[in-house]
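>>> when you get a sec, could you give me coordinates for this:
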Amino acid sequence: MTSDREKAEHMDFDQEYGLAQLLPLSVLEDLFSELQKAAPILAVVFPDGTPYWTRESLSQDDAATINRFLNREGTDSVKTFKSERGRMTIFPITHELENIGYLVLGCEKEGDRSLCPVMPLGAFVLKALNQLIVHNYKNLLTSRLHGQAVEESFAQLKEKAALLEKSEQKYRLLAESLEIEVEKKAKKIKETQAQLMQQEKMASIGQLAAGVAHEINNPMGFISSNLNTIEDYEKDRKLLIEQYRALVSGLKGETMATEKGRAAILERLGRIASLEKETDIDFILEDIPNLIRESKEGAERIKKIVRDLKDFVHPGEDELQFADVNRNLDSTLNIVWNELKYKATVRKEYGKLPQVRCYVQQLNQIIMNLLVNAAQAIEKQGEICISTRADNGHVEIKISDTGTGISKENLSKIFDPFFTTKEVGKGTGLGLNVAYNIIKKHKGTINVESEAGEGTTFTLRIPVQ
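From the prediction side, this is the model:
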């Protein structure tokens with residue numbers, strides 16, 4: 001019969017826990033129930049590729065493909081490969097520097113990739129899983145230690161203390177190596193956040209692309225029409241100039257002294273008068289300057305749209321610079337105008353503002369998100385009001401709409417990542433979360449006031465310096 005002391009000697013405080021112990025299925029079910037809407041292919045598999053959690057999102061063919069890939073190549077880093085359904089990306093799930101499984105994310109071929117940002121979404125989910133693993137691992141260790149403390153004597157606990165000390169030394173060494181890893185991960189997270197911000201910006205521009213094209217097409221249409229009209233006018237002017245030159249040549253070669261000479265000159269003058277009347281030369285001479293002026297205005301309009309769009313889309317340098325907030329509002333309004341003009345009248349109440357030290361492109365992105373949201377909240381016809389003022393070392397921007405408003409139960413969640421009340425295809429659920437993080441980066445605040453059916457007001461406050 002084994003003694004208590006012998007039992008204690010065989011107790012292993014460094015017991016290794018696998019995927020099933022560290023990430024129970026119930027936890028994954030709760031975590032992934034909403035995430036599967038963003039990533040149709042979502043699964044967790046064991047190190048050998050055997051499915052652990054799939055919720056029917058992984059077909060037998062997908063599972064077989066993953067199994068072959070892992071058994072053939074194995075991986076300790078993020079890998080992407082193609083399957084029959086589309087591209088799938090595998091993220092290693094690690095514990096104590098060892099792979100205990102893999103997270104599988106992917107979008108189907110016909111899916112909108114702008115709505116399924118696999119790499120940043122995978123990094124975000126993997127970070128959450130790692131936090132859960134650390135939390136569950138601590139709970140397992142604590143639970144195991146508590147159970148043994150109840151059952152064992154003081155002498156046995158002293159022996160366990162020695163084992164724990166060895167384990168502590170092991171984790172101290174591990175912590176030292178993890179510090180280096182944390183620095184690398186922090187840098188990676190910062191890069192991922194920048195990519196996510198740019199992807200959200202490009203997704204927004206994608207939604208506005210048709211409107212921007214329409215705003216460019218309108219002036220291009222009348223420029224093209226004006227040029228065609230000027231081309232026709234030029235043909236008429238060319239005929240008249242030929243007649244004028246023939247008259248001058250005749251005056252040089254013929255003499256007014258003879259009856260025949262005078263008759264020839266009078267005949268040419270008659271042809272010229274008839275042609276001037278036929279071509280309506282007076283109207284042509286009056287209309288050409290108008291056509292040129294309109295065409296120049298259209299070209300300037302196109303130039304302004306392209307310049308504003310270029311300034312908005314370009315990532316720019318991540319540097320603070322002084323900017324005119326009122327000018328930025330007008331520039332962004334110019335980009336989204338086609339999205340607004342059919343649903344709302346825009347009222348501007350700009351105050352006199354000092355130059356603000358800010359990240360210009362990022363501030364423009366917030367303004368665009370709020371203006372587009374305001375337009376989408378208006379069902380038929382309404383009003384959007386944009387007001388600015390200087391207030392106690394800050395610049396305050398208010399964007400209000402007379403749309404459907406936000407319900408109380410959703411008001412506290414609007415800045416959460418991936419939260420959206422819009423239809424599929426009309427939003428990523430990242431716009432307001434990106435806006436919140438940008439304002440936080442500026443050491444400012446963003447607040448919202450809204451009631452269902454009464455409209456919404458967003459208030460941004462940014463320090464001048």
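
>>> would you map the helices across this structure?
With DSSP state H as the criterion, the chain has helices at 4-10, 19-22, 25-38, 60-72, 118-151, 154-253, 259-279, 281-313, 325-340, 360-377, 408-411, 431-441.

>>> mind listing what's buried along the third one?
Right, the one you point to is helix 25-38. Neighbour-count burial for helix 25-38, with 16 or more other CB atoms under 10 Å as criterion, is recorded at Leu28, Phe32, Ala38. Just so you know, the C-beta spots here come from the backbone N, C-alpha and C atoms, and that holds for glycine as well.

>>> what do you get for the second one?
With burial defined by 16+ other CB under 10 Å, the residues of helix 19-22 counted as buried are Leu19, Leu22.

>>> tell me which other helices or strands that helix touches.
When contacts are defined as 3 or more CB pairs under 8 Å, 6 or more residues apart in numbering; DSSP states H and E, helix 19-22 sits against strand 98-108, helix 118-151.

>>> quickly list the domain ranges of this protein.
According to automatic domain parsing, the chain is divided into the following domains: 4-152, 209-305, 316-463.

>>> pick the most deeply packed of these.
When neighbours are counted by mean count of other CB atoms under 10 Å, the highest per-stretch mean among the domains of the chain falls to domain 316-463, a mean of 17.

>>> before we move on, the earlier item: got the helices of the chain as TSV, with mean pLDDT and distance to Arg85 columns?
Listed next are the helices of the chain as TSV, based on pLDDT from 0 to 100; distance: least, CB to CB, whole Å:
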stretch	mean pLDDT	distance to Arg85
helix 4-10	44	48
helix 19-22	87	24
helix 25-38	80	14
helix 60-72	80	6
helix 118-151	82	13
helix 154-253	73	22
helix 259-279	78	67
helix 281-313	75	32
helix 325-340	85	34
helix 360-377	85	31
helix 408-411	80	33
helix 431-441	80	29
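
>>> turn those into TSV, including distance to Asn99.
Listed next are the helices of the chain as TSV, based on distance: least, CB to CB, whole Å:
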stretch	distance to Asn99
helix 4-10	28
helix 19-22	10
helix 25-38	17
helix 60-72	10
helix 118-151	12
helix 154-253	15
helix 259-279	84
helix 281-313	39
helix 325-340	46
helix 360-377	37
helix 408-411	39
helix 431-441	31
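
>>> before we move on, the earlier item: how about the helices and strands packed on helix 19-22 in CSV, adding distance to Ala162?
Formatted as CSV, those follow (distance: least, CB to CB, whole Å):
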stretch, distance to Ala162
strand 98-108, 25
helix 118-151, 14
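
>>> looking at the ones you listed, which is nearest to Glu278?
Ranking the helices and strands packed on helix 19-22 by proximity to Glu278 (CB to CB) places strand 98-108 first, at 66.1 Å.

>>> what angle separates the closest one from helix 25-38?
30 degrees (axes from the mean of the first three to the mean of the last three CA atoms, to 10 degrees).

>>> mean confidence score for stretch 342-357?
Throughout stretch 342-357, pLDDT has a mean value of 90.

>>> chain center to that stretch, what's the gap?
Once both centres are worked out by CA atoms, centre = their mean, to the nearest Å, stretch 342-357 turns out to sit 23 Å from its chain's centre.

>>> then stretch 394-412?
How far stretch 394-412 lies from its chain's middle: 20 Å, per CA atoms, centre = their mean.

>>> what of stretch 19-30?
Using CA atoms, centre = their mean, we find the averaged C-alpha position of stretch 19-30 to lie 32 Å away from the chain's own average C-alpha position.

>>> contacts for it?
Residues outside stretch 19-30 that contact it (CB atoms under 8 Å, 6 or more residues apart in numbering): 44, 46, 52-53, 55, 93, 95, 100-101, 129, 132-133, 136-137, 140.

>>> hmm, try it at 7 Å
Under the contact criterion CB atoms under 7 Å, 6 or more residues apart in numbering, stretch 19-30 has outside partners 44, 46, 52-53, 95, 100-101, 129, 132-133, 136-137, 140.

>>> of those residues, closest to Asn226?
When the contacts of stretch 19-30 are compared for distance to Asn226 (CB to CB), Leu129 comes out closest, at 61.9 Å.
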